[in-house]
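Visitor: here is a sequence with its predicted model. Questions after.
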Amino acid sequence: MKKKWLYGGLIFLASFAFPVSAFAAEGEVTAPVLELGLNSLFVFVAAMLVFFMQAGFALLEAGTVRMKNAGHVAGKTVLTLGISVLAWWLLGFGFAFGDGNSFLGTTGFLFGGEGDIGSFSVFSEIGVPLNLMFLFQMAFAAVSLAIACGGMAERAKLSVYIIFGTIFIVLIYPIVAHWVWGGGWLGNLGMQDYAGSTVVHLTGATAALAATILLKPRLGKYNKDGKPNNIPGHNQVLTVLGVIILWIGWFGFNPGSALTPLNDGFFGYVLMTTNLAAAAGAVAALLISWAVMGKSDIPSMLNGVLAALVAITGSCAFVDAWASIIIGAVAGILTFFTARWFERAGLDDPIYAFSVHGIAGVWGAISTGLFATPELAEKTGVGKAGLFYGGGFGQLGVQLLGVIGTFAFVLVVSFLVLGIMKWTTGLRVTEEEETMGLDISEHGTYGYPEQMNLLNKNTSSGIPAE
């Protein structure tokens, strides 16, 4: 009964989304036409959810940084989204999914719409219009770039986002996407990465790691003895709202990767494992912070949610429900400890991009090599059963190879690109500009003008800032 209501509702919506062009040719609603309409509507809604994740990143990052940088950090999210759209159209989509070799695609550049379907054989039988696949996959690429730019917060020049962001979307991300999803060597080996623990999150986080290392810590982050100082974000409420939006957006990320509401409603199963993992990550991270710090830490809980979502992104279609809870909980705990360890080691990562998206992305890739069931591997048609289900070390080995290959490639290329930029144009703003804040130094106005002007007035008058 529930399936009948679901399909009936989708048919009703599809009739509005595709009223004339889909049905006029034959004068009647045939099964193939109806399926195309349902799939198209499903992917469109999923793409919009992933696209809307940019709002979550804007709130999360703006709330995590200091007030003097909030407008800059929120605004650059729109900038990098614009770069993603243009660069993906220009070359990125072709390199990622165009026909080519096992390393990269060599066709489909300057994407021209449905007429280019001959350049994208990987999409020829999926039952979704090519234009929608362009939009859907572009939203994924934009998320990866948002992660990469997170490691640059509060000290990078605006030009760095423009130059590196373009190169990232044109070259770095598409090559990894091609390896796994575009007919490349990792996909041919059977690497299991349903929605991008490796492709999207580890790729973006590794680029963020390179940027964080080359930019060096923010002013005042470390004492002379190397001990880190806490630099709290200015608005924890914004970070909470950002995480909630990202949580919802992930329902487009993971279930949307099914590309159809049909197929026995498999997207619903993916949604369930995704949601269970996120909940487990939230609870586990909060409890571990309480046990270690003596207080339940809200930022740690929020990072736990995101880390769990990152980890389950690659494994959501391959593991049982109980395993998704374990995957999410382990991700939340791992992120809590690795974030603290990296900070003590001298890595100033303001939004914990590498801990949340990198370490959890690695764990997500490995988890399928452990927990993938034979039934789900067969259903998705990707890879084999994991170690705990009698599959031996074969799938685990493929997952590890994918992680190592992705990390090495992205780290080397990112270091090369950013290193050249550091040597030529520079990556970091001046100490004076960093001290006054990037809102005023890069854009000439504050994100919070009344509060910041009052704060500056009190400081110049000798009244200590609180």
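Guide: Perfect, I can see it now. Numbers count the residues shown, from 1 in each chain.
Visitor: tell me the pLDDT at A329?
Guide: We have a pLDDT of 98 for A329.
Visitor: for it, grab the count of nearby residues.
Guide: A329 is flanked by 24 other residues according to other CB atoms under 10 Å. No exception for glycine: its C-beta is placed from N, CA and C like everyone else's.
Visitor: tell me who's in contact with it.
Guide: Residues counted as contacts of A329 (CB atoms under 8 Å, 6 or more residues apart in numbering) are A280, G281, V283, A284, A308.
Visitor: okay, now A55: neighbour count?
Guide: Using other CB under 10 Å, the number of residues around A55 comes to 17.
Visitor: any idea how far stretch 269-279 is from the chain center?
Guide: 17 Å (CA atoms, centre = their mean, to the nearest Å).
Visitor: flag every buried residue along that stretch.
Guide: Y269, V270, L271, T273, T274, N275, L276, A277, A278, A279 (16 or more other CB atoms under 10 Å).
Visitor: farthest-apart pair in those, please.
Guide: Farthest-apart pair in these is Y269 and A279; separation 16.1 Å (CB to CB).
Visitor: for A70, what are its contacts?
Guide: Per CB under 8 Å, 6+ apart, neighbours of A70: A62, G63, H234, N235, D439, G447, Y448.
Visitor: wait, the last one touches G71, no?
Guide: By that I understand Y448. Yes. Contact criterion CB atoms under 8 Å: Y448 and G71 qualify, at 7.5 Å.
Visitor: looking at the two, which one has more neighbours?
Guide: Looking at Y448 and G71 with other CB under 10 Å, you find the greater number of neighbours at G71, namely 22 against 16.
Visitor: quick check: chain neighbours aside, which residue is closest to the more buried one?
Guide: Leaving out its chain neighbours, the residue that sits closest to G71 by CB to CB, 6 or more residues apart in numbering is G447, at 2.5 Å.
Visitor: ok, that neighbour - contacts?
Guide: So G447 contacts A62, M67, N69, A70, G71, H72, A74, D439 (CB under 8 Å, 6+ apart).
Visitor: so which bits of stretch 229-247 are buried?
Guide: 231, 233-235, 238-243, 245-247.
Visitor: what comes into contact with that stretch?
Guide: Contacts for stretch 229-247 (CB under 8 Å, 6+ apart): 52-53, 55-67, 70, 218, 220-223, 278, 298-299, 302, 305-306, 309, 350.
Visitor: filter those down to the buried ones, ChimeraX style.
Guide: Buried residues among the contacts of stretch 229-247 (16+ other CB under 10 Å), as a ChimeraX selection:
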select :53,55,56,57,58,59,60,61,62,63,64,65,66,67,70,218,221,222,278,299,302,305,306,309,350
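Visitor: inside helices: which ones of the contacts of stretch 229-247?
Guide: 52-53, 55-64, 70, 278, 298-299, 302, 305-306, 309 (DSSP state H).
Visitor: and the gap between F111 and F103?
Guide: 20 Å (CB to CB, to the nearest Å).
Visitor: okay, now the unreliable bits of the protein?
Guide: 1-27, 454-466 (pLDDT under 70).
Visitor: mind listing the helices for the stretch 351-466 of the chain?
Guide: Assigned by DSSP state H, counting those that start in this stretch, the stretch 351-466 of the chain shows helices spanning 353, 360-371, 374-380, 394-424, 431-436, 438-443, 449-460.
Visitor: er, the stretch 101-250 of the chain I mean
Guide: 130-150, 158-167, 173-181, 185-189, 203-215, 236-253.
Visitor: can you list the buried residues in the second one?
Guide: What it means is helix 158-167. V160, Y161, I163, F164, G165, T166, I167.
Visitor: same thing with the fourth one?
Guide: For helix 185-189, burial by neighbour count (16+ other CB under 10 Å) applies to W185, L186, G187, L189.
Visitor: for the first one, what are its contacts?
Guide: If I follow you right, that is W185. Applying CB under 8 Å, 6+ apart, the residues near W185 are S102, F103, W179.
Visitor: between the residues you listed, which has the most around it?
Guide: Busiest of those [other CB under 10 Å] is W179, holding 27 neighbours.
Visitor: how far off helix 360-371 does whatever helix or strand V270 lives in point, in degrees?
Guide: Using DSSP states H and E, V270 falls within helix 266-293. Computed with axes from the mean of the first three to the mean of the last three CA atoms, to 10 degrees, the direction of helix 266-293 lies at 120 degrees from that of helix 360-371.
Visitor: list the helices and strands helix 266-293 packs on?
Guide: helix 236-253, helix 298-315, helix 321-344 (3 or more CB pairs under 8 Å, 6 or more residues apart in numbering; DSSP states H and E).
Visitor: now do that helix against helix 321-344, angle only.
Guide: Using the same axes, to 10 degrees: helix 266-293 against helix 321-344 is 40 degrees.
Visitor: how many neighbours does S296 have?
Guide: Neighbourhood size, S296 [other CB under 10 Å]: 14.
Visitor: picking up where we left off before, the contacts of G447 into a markdown table, with extra columns for distance to F97?
Guide: Output for those, formatted as a markdown table (distance: CB to CB, whole Å):
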| residue | distance to F97 |
| --- | --- |
| A62 | 33 |
| M67 | 41 |
| N69 | 36 |
| A70 | 36 |
| G71 | 36 |
| H72 | 33 |
| A74 | 31 |
| D439 | 38 |
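Visitor: ok, back up a step: now render the helices of the stretch 101-250 of the chain as JSON lines, adding distance to F123.
Guide: As requested, these are exported to JSON lines (distance: least, CB to CB, whole Å):
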{"stretch": "helix 130-150", "distance to F123": "5"}
{"stretch": "helix 158-167", "distance to F123": "25"}
{"stretch": "helix 173-181", "distance to F123": "10"}
{"stretch": "helix 185-189", "distance to F123": "14"}
{"stretch": "helix 203-215", "distance to F123": "21"}
{"stretch": "helix 236-253", "distance to F123": "18"}
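Visitor: noted, bye for now.
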